[in-house]
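# Dropping a prediction and its sequence here:
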Amino acid sequence: MLKAKAIALLGISAAIVAACSNSSVSQTDEVALAAKPTALAASDVTTLDGSMLKDFVGNAANGKAVFAQCSSCHAMDAGLNKIGPSLHGVIGRKSGSVAGFSYSAANANSGFVWTKEKLFQHLEKPQRVIPGTNMMFAGLADAQKRADVIAYLEAPN
């Protein structure tokens, strides 16, 4: 008799839990989905600090010096991928499109073109522009340094 009551109680408990939960998404999954940041639109070039590339004149020589910290992961030589893809010809290139490089799904599916303005935004905080990117670079808070790196990427010689 006790065994039958225990089984009945277990069945009732299971029915209550099933009725109160969404069978396709758990509460934990719902919280994770709600907290996951979304990628910025391709046309969105706003920066966290409010700066705009048009307000700066980049210096390629200074940008080359700043790029030294990028060079451990990126090369400026065409076809030379390192931990990150080659940045040769990056301006005007579709994101996630360098042949022979294995991009994160977030980067490969971002769907934008690397304009100078998008690079300026991205260099400030890469994870904000492409949430889920494998790029572990925290970013360049200094807007002038971002403008300088872009000048170097545009004319690396």
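Yep, it's here. Numbers count the residues shown, from 1 in each chain.
# If I follow the layout properly, Cys76 ends up in contact with Ser86?
Small correction: residue 76 is Met, not Cys. Yes: Met76 lies in contact with Ser86 (CB atoms under 8 Å); the separation is 7.3 Å. Using the backbone N, CA and C atoms, a C-beta is placed for each residue, glycine as well.
# okay, now the domains of the chain?
For the chain, the structural domains run 1-36, 39-154, going by automatic domain parsing.
# For the longest one, what is the distance to the chain centroid?
When you say that, I think you mean domain 39-154. 11 Å (CA atoms, centre = their mean, to the nearest Å).
# how about low-confidence regions in the chain?
When residues are selected by pLDDT under 70, those of the chain lie in 1-37.
# Tell me where it has strands.
In the chain, no strands are defined using DSSP state E.
# Gly111 versus Gly100, what's the distance?
According to CB to CB, to the nearest Å, Gly100 and Gly111 sit 21 Å apart.
# Please apply the same query to Asp77.
Shown here: Asp77 relative to Gly111, a distance of 26 Å by CB to CB.
# cool, and Ala147?
Counting by CB to CB, the gap from Ala147 to Gly111 is 25 Å.
# cool, and Asp44?
In terms of CB to CB, Asp44 sits 12 Å off from Gly111.
# Kindly report the same for Met52.
23 Å.
# With neighbour numbers in mind, choose between the two.
For Met52 versus Gly111, neighbours defined as other CB atoms under 10 Å are more numerous around Met52 (15 against 11).
# Excluding chain neighbours, what is closest to Glu154?
Leaving aside its chain neighbours, Glu154 sits nearest to Ile91 (5.7 Å; criterion: CB to CB, 6 or more residues apart in numbering).
# just checking, that neighbour touches Lys118?
No: shown here, Ile91 and Lys118 do not form a contact pair, counting by CB under 8 Å, at 9.4 Å.
# who has more neighbours, the two?
Lys118 (21 against 14).
# right, and the more buried one touches Phe112 too?
Yes: using CB under 8 Å, Lys118 is in contact with Phe112, at 6.1 Å.
# Overlap in contacts, these two.
Ala42 (CB atoms under 8 Å, 6 or more residues apart in numbering).
# nearest residue to Ser110 other than its sequence neighbours?
Ser95 (4.6 Å).
# Lovely, talk soon.
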